[in-house]
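J.: Quick one, structure for this:
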Amino acid sequence: MFRLAIVDDEEFLTRQYQKTAADVLHALGIDHEIRTFSSSRLFHEICQNEKFDLVFLDIDMPELSGIDLAADLRMMNKDTGIVFVSAHTHFVFESIRYSPFRYIRKMYSEIEIPEAIRAFLRKYEAERNSLILDLENGKKITVNIFTAAYFYALRHDLFMCNYQKESFRLAFRTYTMEQLEEMMAPFGFIRIHKSYLVNYRCIYQLQTDYALLTLDGEKLPMSRRRAPLVRERYRILLREENDL
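T.: Now for the predicted structure:
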């Protein structure tokens, strides 16, 4: 569920922002929760135990300013998206140090709030569908699930192959195939063989003892023992995809 908080000491504005945000999220079909706070101090207390994906902060508030709240939010959760809301543009430069996602003007809130939400959701979706893997050379790679084709084991080494058929050797002894299987299962990866974990999106056809991929007709071995479960999992994933 996407969680949004709106913090402004003027309650009529929080109600207005809430309606604008709800209209956008309903139209996009996003399962969401919107919380509104007219007390910045209360919001600060709530954030000790709760996490929000995106927060709209009025900068000029009597208890704790939006700037003060942003400073603490960054210490509590660096991933929370912050959108500053103000009638005064001279706060812009002061707010930059807290890496806000947007700075919107109150007089244009009906236009700029929907734009900010849509833009953040695009970023949120991209990040949610990505993961960071450690490579053999001490570097890291950010992998989008739509570009990772499969993982494979070669002796004691593990590799990730992408849709461009580039292979990346993962850091030695950092992962096991079982760990990768558990990590990647929610993203639609299927263990078709003890040495192969495949993104169902690139499977073109399942035969008796191999999977035919969309990558130039490449064939990967499929364990006969695993075949029934592989076929069932593949059917479920395809059905879920068609229901979207």
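J.: Grab the nearest non-local neighbour of residue 206.
T.: The spatial neighbour of residue 206 that comes closest, neighbours along the chain excluded (CB to CB, 6 or more residues apart in numbering), is residue 231 at 5.9 Å. C-beta: built from backbone N, CA, C; applies to glycine.
J.: what helix or strand is the one you found on?
T.: helix 227-243 (DSSP states H and E).
J.: what do you get for residue 68?
T.: Counting by DSSP H and E, the secondary-structure element that holds residue 68 is helix 66-76.
J.: again with residue 179
T.: Under the assignment given by DSSP H and E, the secondary-structure element containing residue 179 is helix 177-184.
J.: That helix - what's its average pLDDT?
T.: Averaging pLDDT along helix 177-184 yields 92.
J.: which element follows the helix or strand bottoming out on mean pLDDT in the chain toward the C-terminus?
T.: Of all the helices and strands that make up the chain, the one with the lowest confidence by mean pLDDT, DSSP states H and E is helix 92-95; it has a mean of 58. Sequence-wise, the next helix or strand beyond helix 92-95 is strand 102-105, with elements assigned using DSSP H and E.
J.: Can you list the buried residues in that next one?
T.: Across strand 102-105, burial judged by 16 or more other CB atoms under 10 Å covers 102, 103, 104.
J.: Let's have these in TSV, adding pLDDT.
T.: Putting the buried residues of strand 102-105 into TSV (pLDDT from 0 to 100) gives the following:
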residue	pLDDT
102	86
103	87
104	88
